[in-house]
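Enquirer: Below is the sequence, then the predicted model.
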Amino acid sequence: MAYKQEPASLFKRLVAIGYDGLLLIAVLFIATALTLPLNGGVAITNQHPYFPFLVIYWFLVSFIFYGWFWTHGGQTLGMKTWKLELISTDHKKITWNQAFIRFCCAIFSTLLFGLGFLWSLFNEKKATLHDILSNTMLVDNN
């Protein structure tokens, strides 16, 4: 689907993340509701012994959410709305391995006060840290 292969701007990346974040929250609500029978219908708080497993579960659900979109067409719904596409630097489809590296590195990019994203402002290809580490590019097909 790549047309011009122009790098995506930081603004478009962040807006697409916002769109996808809303959808991911809905997915995580459903995923969490599925865990309620495991604790007698009571929410699992951070004091509960199952809480670490719940966090791992949320991580896996979130990864599968992004990984599936990235490996099946290169676009999440937010990316599709803003005409962004994720491709490999060798212009092939994204592999699950690349998706995992990108997902994990994007989390760290965010946790480091967004420095991994801000990197794109100083990179001539507008690549974020997770783009570079996963050998992927987010392109603007507008």
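Expert: Nice, I can see it.

Enquirer: if you count residues, which helix in this structure comes out on top?
Expert: helix 10-33 (DSSP state H).

Enquirer: Could I get the average pLDDT for that helix?
Expert: Mean pLDDT, helix 10-33: 97.

Enquirer: What are the buried residues along the following helix or strand past that helix?
Expert: Using DSSP states H and E, the helix or strand that follows helix 10-33 in sequence is helix 51-71. Applying a neighbour-count criterion of 16 or more other Cβ atoms under 10 Å, one finds Leu54, Tyr57, Trp58, Val61, Ser62, Phe63, Phe65, Tyr66, Gly67, Phe69, Trp70, Thr71 buried in helix 51-71. To be clear about C-beta, it is placed using only N, CA and C from the backbone, and glycine gets the same treatment.

Enquirer: and helix 51-71, what does it pack onto?
Expert: Packing partners of helix 51-71 (3 or more Cβ pairs under 8 Å, 6 or more residues apart in numbering; DSSP states H and E): helix 10-33, helix 96-111.

Enquirer: quick one: the last one to chain centroid distance?
Expert: So that's helix 96-111. 7 Å (Cα atoms, centre = their mean, to the nearest Å).

Enquirer: which ones are touching the residue lying farthest from the centre of the chain?
Expert: In the chain, counting by Cα atoms, centre = their mean, Gly40 sits farthest out from the average C-alpha position, at 31.8 Å. For Gly40, the contact set (Cβ atoms under 8 Å, 6 or more residues apart in numbering) is empty.

Enquirer: Can you give me the distance of it to Tyr50?
Expert: 11 Å (Cβ to Cβ, to the nearest Å).

Enquirer: With that, I have no additional questions.
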